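>>> Provided below for reference: sequence and predicted model.
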Amino acid sequence: MLAVTTFALLVVMAMAMVRGFAGPTIFDRVLAANLFGTKTVLLIAVLGFLFGRPEFLDIALIYALMNFISVIALLRYFEHTQKAEKGSSTHE
């Protein structure tokens with residue numbers, strides 16, 4: 001059953017990568033990257049259980065925190081750059 005779960009996670013991760021590359025807007029790409037990161041956390045946890053390595057859960061938690069912080073940082077960056085672009089175009 002864990003092998004099926006691992007395979008399903010890999011399929012969803014591949015679909016997220018396709019969506020990330022094909023996304024029409026930057027926000028679609030960031031959302032796909034967040035989805036990929038979340039599924040990676042789940043994959044690390046499942047593999048830790050599969051191999052009997054409980055320390056993988058610590059790695060998964062650290063990765064989840066890094067994923068969360070990086071997505072928030074990217075969204076804030078793109079929010080500020082879009083505001084700056086809109087502000088500079090109105091002054092012309």
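Perfect, thanks for sending it.
>>> so R53, which of the three states?
Three-state call for R53 (DSSP: H, G, I helix; E, B strand; the rest coil): coil.
>>> not counting its neighbours along the chain, what's nearest it?
With sequence-adjacent residues excluded and distances taken as Cβ to Cβ, 6 or more residues apart in numbering, R53 is closest to L47, at 7.9 Å. Yep, even glycine has a C-beta here, placed from its N, CA and C like the rest.
>>> doesn't T6 make contact with the one you found?
Yes: taking contacts as Cβ atoms under 8 Å, L47 lies within contact range of T6: 7.0 Å.
>>> host element of the residue nearest the centre of the chain?
In the chain, the centroid-proximal residue (Cα atoms, centre = their mean) is N34; its distance is 2.2 Å. If you go by DSSP states H and E, N34 is part of helix 26-51.
>>> which positions within that helix qualify as buried?
Neighbour-count burial for helix 26-51, counted by 16 or more other Cβ atoms under 10 Å, picks out 29-48.
>>> name all residues that make contact with L61.
By Cβ atoms under 8 Å, 6 or more residues apart in numbering, the contact list for L61 reads V41.
>>> now find how far off-centre the helix or strand containing it is within its chain.
Using DSSP H and E, L61 sits in helix 55-90. Distance, stretch centre to chain centre, for helix 55-90: 10 Å (Cα atoms, centre = their mean, to the nearest Å).
>>> could you do stretch 9-16 as well?
Computed by Cα atoms, centre = their mean, the chain-centroid distance of stretch 9-16 equals 11 Å.
>>> does G20 touch A32 like I think?
Yes: checked against Cβ under 8 Å, the pair G20 and A32 is within contact range at 3.5 Å.
>>> buried sites along the helix or strand of the chain with the lowest mean pLDDT?
Scoring the helices and strands of the chain by mean pLDDT, DSSP states H and E places helix 55-90 at the bottom, with a mean of 89. Of the residues in helix 55-90, F56, A60, Y63, A64, N67, V71, L74 count as buried by neighbour count, 16+ other Cβ under 10 Å.
>>> what packs against the helix holding N34?
Counting contacts by 3 or more Cβ pairs under 8 Å, 6 or more residues apart in numbering; DSSP states H and E, helix 26-51 packs against helix 2-22, helix 55-90.
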